[in-house]
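1. Quick one: sequence plus predicted model below, questions after.
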Amino acid sequence: MLEVEKLCVRYGKITAVDGVSFSLNEGELLAIVGANGAGKTSTLNAIMGLVKPHSGRIVFDGVDITHLEPWKRAHMGISIVPEGARPFADMTVIENLEVAAMNIDKAEAKRKMEWVFELFPRLAERKKQLAKTLSGGEKQMLAIARALVGPVKLLIMDEVSLGLMPRLVTEMFKIIERLKREKLTMLLAEQNTKKALQVADKVCVMQNGSIVLEGRPQDLLDSEEIKKAYLGI
Amino acid sequence: MSLDYFLTVSVFSMINMILALSLNILIGYAGQVSLGHAAFFGIGAYASAILTVKLGMGYWPALLLSVFISGLIGLLLGLPALRVREDFLVLATIGVNFVVVSIFNYVKFFGGPYGILGLPRPSLFGHAFTTREYALYVFLWTLVVVFLVHYLSNTYLKLGFDALREDEDAAESVGVSSPRYKMYAFAIAGLLAGLAGNLWAHYMTVVFPDNFSFPVSIGILTMVVIGGVGTLVGPLIGAIIVTILPEVLRFARDYRMLIYGLIIVFTMFFMPKGIVGSIKGLIFGDTPLGKKRVEKVRRIAGAQGRIAGR
C-alpha cells in the first residue's frame, strides 16, 4: 500500500531524514520509534506532503505521490493525526469533523460520524463545544476522530501519547488496537517505545535521520543489547 | 440636518457595509489578511465608469459586467495568496492597491488624476433614480448582500474557509484545497467590493484615483476590526460607526479626526475582539469580564440545584 524509497528531507543545510526506505502492506501497523530529533515527524510529514522531500520517492496505492499536494493525498485516503493534535481551535467539535467529512458522500459521512462518536463518546457529549476549550486528551481524541472521518485508508499518527496522562495513553492505545482489528493500515511515530511495540506489526528504529534497525517487535525485544541500545526499555 | 444629507450618509453607510462584509469574507472567514481591498472597490467603480461613460453602455449591463470584472480581477489578484502567507500576503495586497491606483492615475485611458466624470444614475423605464430612490436601491442591494453572506455562513464553503483560517496545513491534510478556497475567497470578496464600487460610482457620478487609495483600504479594515472580525453583524456595525462618527464629530471642527482616531484606539483597547466579539465574549465567557460573569451564573445555578435537590 505504501512504499517509501530513499527519502531525504532537508531544512536548509540540515538533513532531517537521510535515505529512509520502508514499505507498509494493507492492514499492517508500522511503528517508527526513536528519540527526539530522530526524523520521525519529518518522515511522516513528507508522506502527508506537509514538507517537500529533497529526494526519494513515495508511492501510495501504486501512484507516485512524491510531489502531490497534501489535500490530494487526503482525497486518496492518507490521513494524519499531527503532533500536538492541532484541532481547528475556534471551531466546534462537530465542525472539526464536518470539514474532514466534506470529501465523502453524505450517507457515508453520517455513518462515519456515528462510528467516531462511538469510539470517543466524550466527543459526542461535547459536539457543540469549541475545540480550544477541550482538555489535552479530548483534543487528541478529536484529532484522531477528524483523521478517521475522511476517506481514510492509511492513518498516520504522530506522537499521539505525547503529554497525556498514563490513563489516557492506555485509552489511546486501546483505540489503536481496535482500529488494527478493523484492518486499518496505520503508521505510528512514537517515543513511548513500550506501548508502540505492543501494538505494531513492524518496527523501524530511527536515529539521526536514518533507520538503524527494523523488524518484527518480538525480534527486537528478544535481544537485550538492542533493547538497551536502541529501545531504551 | 437636510434629508439629502441624511440620505447621503445612509448611502455611504450601506456601501461601506457591503465593503466591510466583503473584506470580512477574506479576513474573518478565510483568514487571508488583505490591506488592499480598496483596489477591488476601485476596479468595480472604474469598470462601470468606463463601460457607461467611455463605451456608452447602459447602467444595468454595466452593473453586471463591472461586478464580474472585479470578481475576475479579484481571482487573478488572489494568485499571490497561493504563494505567500501572513505578513508577506499583507505586503502583497498593499502592493496590489498601489499598482491599481497608479494605473488609474497614470494610464490616460483611465482619466488620470482628473478621473472620469459624468457617470449616469441608473434608470428604469426612462426614469433616472432620484437620490431617495437611489438610497432605496442601495438598501435593497445591502439586504441582498447580507442575505448572501448569511447563506454563505451556513455552507460547506464557510467550513472550508474556517479550516483554512485556523490552520492551513491541518486544513490541507483533511482534504481542503487551500489554493481553491483562497481563490474562492478572493473572487467573492472581489465581486462584492466591485458591487460596492459600482454603487458608489453611480451615486457620486465621478471617480478619481484617490477615492480608492491605501487609506481607504485601512478604513475598510477598521470597520471590520471595530465591529468584530469573522462575525456577520460586526462589520455592519463597524461600517455604520466608521461612516457616521466623523459626521457626528463635525462640531469639533479641526479636532474631528483626532477625536475619531482616539475613539477607535480606545475601542480597540477595551474591546480587542471588536464590538460584537467582545459582547459574545461577555456572554460566553471568552473575556476576563465574561469569565467572571459566567462563573457567577454557574455558582448561582449550582446553588439553586443544591437547594432544589434538598
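-> Perfect, I can see it now.
2. drop to CA atoms for contacts and neighbour counts, all remaining ones
-> Fine.
3. and stretch A:152-161, C-alpha only, in PDB?
-> The C-alpha atoms that make up stretch A:152-161 are tabulated as PDB, following Å, rounded to 0.1, in the frame of the first residue of the first chain:
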ATOM      1  CA  VAL A 152      -9.100   7.100   5.300                       C
ATOM      2  CA  LYS A 153      -7.100   4.100   4.000                       C
ATOM      3  CA  LEU A 154      -3.800   4.900   5.700                       C
ATOM      4  CA  LEU A 155      -3.800   6.600   9.100                       C
ATOM      5  CA  ILE A 156      -0.600   8.400  10.100                       C
ATOM      6  CA  MET A 157      -0.300   9.200  13.800                       C
ATOM      7  CA  ASP A 158       2.500  11.400  15.200                       C
ATOM      8  CA  GLU A 159       3.100  11.100  18.900                       C
ATOM      9  CA  VAL A 160      -0.500  10.500  20.000                       C
ATOM     10  CA  SER A 161       0.600   9.800  23.500                       C
END
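4. Give me the residues contacting that stretch.
-> Identification of contacts with stretch A:152-161 by CA atoms under 8 Å, 6 or more residues apart in numbering or on different chains yields A:41, A:44, A:74, A:76-85, A:140, A:147-148, A:168-169, A:172, A:184-192.
5. of these, list those near chain B.
-> By CA under 8 Å from any CA of the partner chain, the members of the contacts of stretch A:152-161 lying near chain B are A:74, A:79, A:80, A:82, A:147.
6. circling back: among the contacts of stretch A:152-161, which are located in strands?
-> Of the positions in the contacts of stretch A:152-161, A:78, A:79, A:80, A:81, A:185, A:186, A:187, A:188, A:189, A:190 sit in strands, assigned by DSSP state E.
7. Just among the residues you listed, which is most surrounded?
-> residue A:79 (31 neighbours; other CA atoms under 10 Å in any protein chain shown).
8. Tell me what that residue is bridged to.
-> On DSSP bridges, the residues paired with residue A:79 through beta bridges are residue A:155.
9. I figured it was touching residue B:173, is that so?
-> Yes - taking contacts as CA atoms under 8 Å, residue A:79 lies within contact range of residue B:173: 6.6 Å.
10. Quick check: neighbours shared by those two?
-> With CA under 8 Å, 6+ apart, residue A:79 and residue B:173 have common neighbours A:48, A:73.
11. Please report the residue range of the longest helix in the chain.
-> No chain was given, so I picked chain A. As assigned by DSSP state H, the longest helix anywhere in chain A is helix A:166-181.
12. wrong one, chain B
-> Chain B, longest helix under DSSP H: helix B:178-204.
13. could you give me the average pLDDT of that helix?
-> The pLDDT scores in helix B:178-204 average 93.
14. same thing with stretch A:166-184?
-> Here the average pLDDT along stretch A:166-184 is 88.
15. Now do the buried residues in it.
-> Residues of stretch A:166-184 classed as buried by neighbour count (16 or more other CA atoms under 10 Å in any protein chain shown): A:168, A:169, A:172, A:173, A:175, A:176, A:177, A:179, A:180, A:184.
16. any chance of those residues in JSON lines, with distance to residue A:34 too?
-> Below are those laid out as JSON lines (distance: CA to CA, whole Å):
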{"residue": "A:168", "distance to residue A:34": "21"}
{"residue": "A:169", "distance to residue A:34": "18"}
{"residue": "A:172", "distance to residue A:34": "19"}
{"residue": "A:173", "distance to residue A:34": "18"}
{"residue": "A:175", "distance to residue A:34": "22"}
{"residue": "A:176", "distance to residue A:34": "19"}
{"residue": "A:177", "distance to residue A:34": "21"}
{"residue": "A:179", "distance to residue A:34": "23"}
{"residue": "A:180", "distance to residue A:34": "22"}
{"residue": "A:184", "distance to residue A:34": "23"}
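17. Could you figure out how far the helix or strand containing residue A:3 is turned away from strand A:185-190?
-> Per DSSP states H and E, residue A:3 falls inside strand A:2-11. With axes from the mean of the first three to the mean of the last three CA atoms, to 10 degrees as the basis, strand A:2-11 and strand A:185-190 are set at 30 degrees to each other.
18. Name the surrounding residues that touch stretch B:175-185.
-> Taking CA under 8 Å, 6+ apart as the rule, stretch B:175-185 contacts A:70-75, A:99-100, A:103, B:25-26, B:30, B:32, B:75, B:78-79, B:81-82, B:157, B:160-161, B:163-164, B:168, B:171-172.
19. what do you get if the cut-off is 6 Å, keeping everything else the same?
-> A:71, A:74, A:75, B:26, B:75, B:78, B:82 (CA atoms under 6 Å, 6 or more residues apart in numbering or on different chains).
20. With neighbour count added, can I get those in a markdown table?
-> Formatted as a markdown table, these follow (neighbours: other CA atoms under 10 Å in any protein chain shown):
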| residue | neighbour count |
| --- | --- |
| A:71 | 24 |
| A:74 | 27 |
| A:75 | 21 |
| B:26 | 26 |
| B:75 | 20 |
| B:78 | 25 |
| B:82 | 14 |
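21. since we're on residue A:97, how many residues are nearby?
-> By the measure other CA under 10 Å, the count of residues near residue A:97 is 27.
22. Nothing else from me, thank you.
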